[in-house]
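> Sharing a model that was predicted from the sequence below.
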Amino acid sequence: MAAAAMSITVRKIVNRLDMLDMAITFGNLAEILSRDAASATEQIGVETMLAPGMFLFVVAAAAGTRSGDDSVTVRVDSARHEIHVSAGPYHLPATAMMDHHAMVTAGGAGYDTPLDHFDWPVEGWLRGFRLRVIDGHGQPLPREIVHHLIVVNFSRRQLVYPAAERLLGAGAETEDAIVPKTVGIPMSPGMRLGMYVGWHNATGHDLPDVHVELTLLWTPKNQMPRPVSALPIYMDANLTVGGSNTFDVLPGRASKAFEFTLPTGGRLLGVGGHLHDLGVAVQLEDAERDAVLTRVRAKYNKAGAMTGVERRLFAVSGDGLHLKAGHRYRVAGVYQNSTSEPIHGAMAHMVGLFAPDDPARWPTIDSHDPAYQRDLASLQVEVRPDGQVQLVRDKAAVSR
């Protein structure tokens, strides 16, 4: 979430966008969680978990280059329980108007920006973020120039896939997101994070002095009662770790599905999803019973354009949707292609917050796993033979 740093070559924007909605876990759930904080305290509690690493902040500009001195600063406000991350300046050339799906299709070359790294500084729970974009005089710039911002946690693995955790993210339409103090993502000092930004400057003129200000809200370790520790979960109908998750849809009704098992059981506190145009729903199924456990449907306006995907929060009315370890589940994306031609570049995935029954069984990072190495390669980092992580270009190693 989540989850940040600077310096990475953006090879293809599609590798970034494949993970975008997975990373917007807070954006998918914060609004509904805030409606019923009392019910959130009924969720199953688990202890904070996972050993600390280092905190690597990576900002990659999909359409922006660094100008002036490289600078990323981190400031902790212990009184307000906020971490202020500032990055910039960036020079953003004007770009043509392009929607989200067009950017996925187009891909595109990127720009190198310098690297800065530092540690996540506090013990506690991450519970939200605020994002501002300003010019060199501190005046606000349109939020829409940030096509996407994603924070990666290199110190923790995903539950389903051997890939680095995508901690949080924001898109052009994503509002700031804060969940109640009764729930949060456990974080330890020294965790290594990465953040990359995809810019889309459609203002019609160059922006020469752009700065990003990301405020991360955290709950301290002495909070009573202790928050529910929940981690991001990502389930994709067609993911190749380190590659693309797009697929083709032939005319008519069609679905794409992926089966998986979990190393630990736990409770889904809430889910959202992502589809492209002509998508119907993303659903989580019990593959052994061939039964649908939950479904989030695409939303369309009167003109027939998709406006988003609905969200479901299970913990407001109970303890969450329980999933069992070692049980076969299936995530499926359903499309209704009403045209006479195949759809190219379709996507279908479900994201959520997951409170594990046994945190000790959460999978650890295997730096020698080829899939994990492909994931790092897609972020322009790699693992050395001694287990250290380094930038592909700079070879500036940092110990795990």
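Alright, I've got the coordinates.
> use CA for all of it now, contacts and neighbours both
Will do.
> what's the next secondary structure element after whichever strand or helix holds residue 352?
Counting by DSSP states H and E, the element that carries residue 352 is strand 348-356. Later in the chain than strand 348-356, the nearest helix or strand by DSSP H and E is helix 370-378.
> Now do that following helix, average pLDDT.
For helix 370-378, the mean per-residue pLDDT is 89.
> swap in stretch 326-344?
97.
> for the protein, where's the lowest mean pLDDT among helices and strands?
strand 56-57 (a mean of 31; mean pLDDT, DSSP states H and E).
> ok now the longest strand along the chain, how far from the chain's centre?
Looking across the chain with DSSP state E, the single longest strand is strand 207-220. From the chain centre to the centre of strand 207-220 is a distance of 16 Å (Cα atoms, centre = their mean, to the nearest Å).
> Stretch 244-258 too?
The chain centroid and the centroid of stretch 244-258 are separated by 22 Å under Cα atoms, centre = their mean.
> what's the helix or strand encompassing residue 345 in contact with?
Element membership for residue 345 (DSSP H and E) is strand 343-346. By Cα atoms under 8 Å, 6 or more residues apart in numbering, the surrounding residues in contact with strand 343-346 are 104, 105, 246, 247, 248, 249, 250, 251, 275, 276, 337.
> and those residues, which are buried?
Using 16 or more other Cα atoms under 10 Å as the burial test, the contacts of strand 343-346 include 104, 246, 249, 250, 275, 276, 337 as buried.
> Let's have these in CSV, adding distance to residue 85.
Shown next, in CSV, are the buried ones among the contacts of strand 343-346 (distance: Cα to Cα, whole Å):
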residue, distance to residue 85
104, 28
246, 33
249, 41
250, 45
275, 31
276, 32
337, 43
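> Does anything pack onto the longest strand of the chain? Which helices or strands?
Here strand 207-220 touches strand 82-92, strand 124-134, going by 3 or more Cα pairs under 8 Å, 6 or more residues apart in numbering; DSSP states H and E.
> what helices or strands is the very next helix or strand once past it leaning on?
Per DSSP H and E, the first helix or strand lying C-terminal to strand 207-220 is strand 228-229. Using 3+ Cα pairs under 8 Å, 6+ apart, the elements in contact with strand 228-229 are strand 183-187.
> got the CA coordinates for the strand it packs on in CSV?
The C-alpha coordinates for strand 183-187 follow below in CSV (Å, rounded to 0.1, in the frame of the first residue of the first chain):
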residue,chain,number,x,y,z
VAL,A,183,-8.5,-1.6,11.6
GLY,A,184,-5.1,-1.1,9.8
ILE,A,185,-2.2,-2.7,8.0
PRO,A,186,0.6,-3.7,10.4
MET,A,187,3.9,-2.0,9.7
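> Quick check: which helices or strands does it pack against?
Judged by 3+ Cα pairs under 8 Å, 6+ apart, the packing partners of strand 183-187 are strand 124-134, strand 228-229, strand 231-236.
> quick one: which of these is nearest residue 206?
Nearest of the helices and strands packed on strand 183-187 to residue 206, taken as Cα to Cα: strand 124-134 at 14.1 Å.
> Now do the closest one against strand 207-220: the angle between them, please.
Strand 124-134 runs at 160 degrees relative to strand 207-220, counting by axes from the mean of the first three to the mean of the last three Cα atoms, to 10 degrees.
> got the contact list for strand 124-134?
Applying Cα under 8 Å, 6+ apart, the external contacts of strand 124-134 come out as 2, 26, 140-143, 176-181, 183-188, 210-221, 227, 229.
> just checking, next helix/strand downstream of it?
strand 146-157.
> Now the element after that following strand, going C-ward?
Next along the chain after strand 146-157, with elements defined by DSSP H and E, is strand 164-171.
> same for the very next helix or strand once past that following strand, what does it pack against?
Sequence order places strand 177-178 as the next helix or strand after strand 164-171, per DSSP H and E. Counting contacts by 3+ Cα pairs under 8 Å, 6+ apart, strand 177-178 packs against helix 25-35, strand 124-134.
> on that earlier part again, sheet partners, orientation included, of the strand holding residue 345?
strand 247-249 (antiparallel) (DSSP bridges).
> can you list contacts of the partner strand?
238, 335, 337, 342, 343, 344, 345, 346, 347.
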